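Participant: what follows is a protein structure lacking sequence information:
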């Protein structure tokens, strides 16, 4: 087992339950503010490569003072937020896209079957919480920068979308470009601009996608993941 696989697997196990969430927070090499705590205003989480960066950045640009828990990629982020009565948004994406993109990120260091299993485990852990969270499908929020804030407001009675007026007035295309630019700047600071690891679309990832997707299509559990994704889509409440 590679070190990357060991770290990722350990992270997923610790993040699967509220009881071990504090241990993950103590051991993780991330900013502690990314983890849900009593100081958190809103939690935006999802399986990796489900549009997390776009969802968080769009929300942050409209609400710069909001303390957002994000990018930990474990279900206990959502369940802990709910236990603390903190608004929680779950970003979701078709497994063929999310798992393929995440496999490209790892460059073969973690088997694609493991990543697909993580996708299934992540979402199954939240199946009984669908009526309590704001579900945000990638296909809906990727071109609508105010979508996540509106979805949170609809589910929790907050007023975050009211602060997204500048996004709406300047046009969704302009807002999307500004958000993607901010995401890329952050990526360059963290990873030096590695095009394969970028959360934004890149030519380097497109060149690898066909082969990786073909490998994923051979996985026997892919259909179970697709069925799970469809069940989450049925619980979506599209905000006005």
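Facilitator: Right, received. Where do you want to start? Bear in mind that the values here come from a model prediction, so they are computed numbers and not experimental data.

Participant: quick one, longest helix in this protein?
Facilitator: Ranked by number of residues, the top helix in the chain under DSSP state H is helix 172-191.

Participant: how far off centre is stretch 82-102?
Facilitator: 4 Å (CA atoms, centre = their mean, to the nearest Å).

Participant: ends of it, what's the gap?
Facilitator: 27 Å (CA to CA, to the nearest Å).

Participant: which stretches of this protein form strands?
Facilitator: 42-46, 68-70, 88-92, 134-137 (DSSP state E).

Participant: is it possible to get TSV of the ones you listed that adds mean pLDDT?
Facilitator: Conversion of those to TSV gives the following (pLDDT from 0 to 100):
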stretch	mean pLDDT
strand 42-46	98
strand 68-70	98
strand 88-92	98
strand 134-137	97
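
Participant: compare the ones you listed and give me the one nearest residue 36.
Facilitator: Of all these, the one in closest proximity to residue 36, counting by CB to CB, is strand 68-70 (4.3 Å). Just so you know, the C-beta spots here come from the backbone N, C-alpha and C atoms, and that holds for glycine as well.

Participant: gap between that closest one and the chain center?
Facilitator: Strand 68-70 sits 10 Å away from the centroid of its parent chain (CA atoms, centre = their mean).

Participant: what helices and strands are in contact with it?
Facilitator: Here strand 68-70 touches strand 42-46, helix 52-62, going by 3 or more CB pairs under 8 Å, 6 or more residues apart in numbering; DSSP states H and E.

Participant: which residues touch the last one?
Facilitator: Pointing back at helix 52-62 there. The contact list for helix 52-62 (CB atoms under 8 Å, 6 or more residues apart in numbering) reads 42, 44-46, 66, 68, 70-71, 73, 89, 91, 136, 141-142, 145-149, 152, 160-161, 163-164, 166-167, 175, 178-180, 182-183, 186, 199-200.

Participant: so how do I select the buried members of those residues in PyMOL?
Facilitator: Per 16 or more other CB atoms under 10 Å, the buried members of the contacts of helix 52-62 correspond to this PyMOL selection:
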select buried, resi 42+44+45+46+66+68+70+71+73+89+91+136+141+142+145+146+147+148+149+152+160+161+163+164+167+175+178+179+180+182+183+199
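
Participant: now this protein, which segments are flagged as low pLDDT?
Facilitator: 1, 163-172, 191, 193, 240 (pLDDT under 70).

Participant: tell me which stretches of it form helices.
Facilitator: 3-14, 21-27, 52-62, 75-83, 95-106, 112-124, 138-141, 147-156, 165-170, 172-191, 203-217, 222-233.

Participant: let's have those helices in CSV, adding distance to residue 130.
Facilitator: Compiled in CSV, the helices of the chain are given as follows (distance: least, CB to CB, whole Å):
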stretch, distance to residue 130
helix 3-14, 21
helix 21-27, 20
helix 52-62, 18
helix 75-83, 11
helix 95-106, 17
helix 112-124, 10
helix 138-141, 16
helix 147-156, 11
helix 165-170, 27
helix 172-191, 27
helix 203-217, 25
helix 222-233, 7
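
Participant: nearest to residue 33, of those helices?
Facilitator: Comparing those by CB to CB, helix 21-27 comes nearest, at 10.4 Å.

Participant: gap between stretch 156-165 and the chain center?
Facilitator: The answer for stretch 156-165 is 20 Å, by CA atoms, centre = their mean.
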